[in-house]
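Undergrad: Sequence below, structure please.
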Amino acid sequence: MASHNKFGQEAEELATKWLTEHGYEIIDRNWTCGKLEIDIIAKKDEFLHFIEVKALNNSWIGHPEDAVTRGKLKKLQRAVHEYIFQNPGHDWIQYDIMAISFFKDKEPEYFFIEDVFLR
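TA: Purely as a prediction, here's the structure:
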């Protein structure tokens, strides 16, 4: 497995753990349909959350959430539409971003951005 894939997998594991600790029920991970992908699908209260996970190893090059571009959000939106089509019955959905910054000498930092607005 390529190192960037292993890094991404580790970030998704940590994101899943953080979400679970904060009351989210994980429904699916790495859901795919063709070239569409959703990193994490979780439920909390009446909302179904579609979560994009981004991580960076060096904070000096920026913040992981900055890597979630408008194009990436549009692809996520298309994936969510397909997921809802295949799994109807969800009245309330929400798009979220889990950003994780890794550091050499301290624990990772989590930044959870809820209810990202898509245009």
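Undergrad: Give the buried residues for the helix or strand harbouring residue 83.
TA: Residue 83 is part of helix 70-86, with elements assigned from DSSP states H and E. Buried residues in helix 70-86, counted by 16 or more other C-beta atoms under 10 Å: 73, 75-76, 79-80, 82-83. For every residue, glycine as well, the C-beta is placed using N, CA and C.
Undergrad: cool, stretch 46-56 as well?
TA: In terms of neighbour count (16+ other C-beta under 10 Å), stretch 46-56 has its buried residues at 47-56.
Undergrad: In helices, which of these appear?
TA: Members of those lying in helices (criterion: DSSP state H): none.
Undergrad: okay, and for this protein, where does confidence drop off?
TA: Scanning the chain for pLDDT under 70 picks out 1-5, 59-60, 118-119.
Undergrad: Next, the nearest residue to residue 20 once chain neighbours are set aside: secondary structure please.
TA: Spatial nearest neighbour of residue 20, chain neighbours left out: residue 26 (6.4 Å); criterion: C-beta to C-beta, 6 or more residues apart in numbering. On the three-state scheme (DSSP: H, G, I helix; E, B strand; the rest coil), residue 26 is labelled strand.
Undergrad: other SSEs contacting the strand or helix carrying residue 8?
TA: In the assignment (DSSP H and E), residue 8 maps to helix 3-21. With contacts defined as 3 or more C-beta pairs under 8 Å, 6 or more residues apart in numbering; DSSP states H and E, helix 3-21 has these neighbours: strand 25-33, strand 36-44, strand 47-56, strand 92-101, strand 109-113.
Undergrad: Nearest to residue 6 among those would be which one?
TA: Relative to residue 6, the nearest member of the helices and strands packed on helix 3-21 by C-beta to C-beta is strand 47-56, separated by 11.5 Å.
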